[in-house]
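Chemist: okay, here's the prediction I keep looking at, along with the sequence it came from:
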Amino acid sequence: MRELLGTPSALTLLAVVLLFKVGDAFANKLFTPFMMDVGFSKTEIAVIVKALFTASSLVGSVLGGILMVRLGLLRSMLAFGVLQAVSNLLYCALALAGKNWLIMVAAVTIEHLAAAMGGIALVALIMALCDVRYSAFQYALLSVLALLRVIVSGTRQAGLPITAAGMSTT
């Protein structure tokens, strides 16, 4: 613990780990109600959106890893963080347009692509912060800190179970 917190920038880096993607954790709680309010049924959300989520998350993870090697960790975190924030503007367009399949597909795909890229950068940051001598302890500690954003956001919707990723199963 002393090794992890011993640097002058330790608190800043811990804050980045805790707060990176915290907005997405809070917004996740509102995803299904928003989609239903726009006009999509639970079945459409379950079949289409969840398939898009899975595919774009896999592609985003691979793309994030490739880009991170080329850009470096710091530039990747900044670029992926900005991409995540900008991707949410597509939901504004969806809210204005109403039930529109093209905008919905674009919003969900780009958001989850960017989220996966950001997740890869966050894992790389956590790994970079760990000292090789204490890597298991430090990685576990930082991972729990990163997951606190999901717990604090209260992503559990009334009566709905939460998956291992902290997302409601609806």
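Modeler: Happy to help now that I have it.

Chemist: what ranges does this structure have for its strands?
Modeler: Counting by DSSP state E, the chain yields no residue ranges for strands.

Chemist: can you pull up the most central residue in it?
Modeler: Among the residues of the chain, residue 115 comes closest to the average C-alpha position under C-alpha atoms, centre = their mean, at 4.1 Å.

Chemist: isn't that one right up against residue 57?
Modeler: Yes - counting by C-beta atoms under 8 Å, a contact exists between residue 115 and residue 57, whose distance comes to 7.2 Å. Quick note: C-beta positions are derived from backbone N, CA and C, even for glycine.

Chemist: how close does the spatially closest residue to residue 83 that is not a sequence neighbour get to residue 138?
Modeler: Across the structure, with C-beta to C-beta, 6 or more residues apart in numbering as the measure, the residue nearest residue 83 apart from its sequence neighbours is residue 114 (4.3 Å). Residue 114 is 27 Å from residue 138, where distance means C-beta to C-beta, to the nearest Å.

Chemist: now stretch 102-121: buried residues?
Modeler: With burial defined by 16 or more other C-beta atoms under 10 Å, the residues of stretch 102-121 counted as buried are 103-104, 106-121.

Chemist: among those residues, name the ones in helices.
Modeler: Where the buried residues of stretch 102-121 overlap with helices, as defined by DSSP state H, the overlap consists of 103-104, 106-121.

Chemist: OK, contacts around residue 31?
Modeler: The contact partners of residue 31, taken as C-beta atoms under 8 Å, 6 or more residues apart in numbering, number zero.

Chemist: which one is residue 49 nearest to, not counting chain neighbours?
Modeler: residue 108 (5.4 Å).

Chemist: pLDDT wise, what is that neighbour at?
Modeler: According to the per-residue confidence, residue 108 scores 92 in pLDDT.
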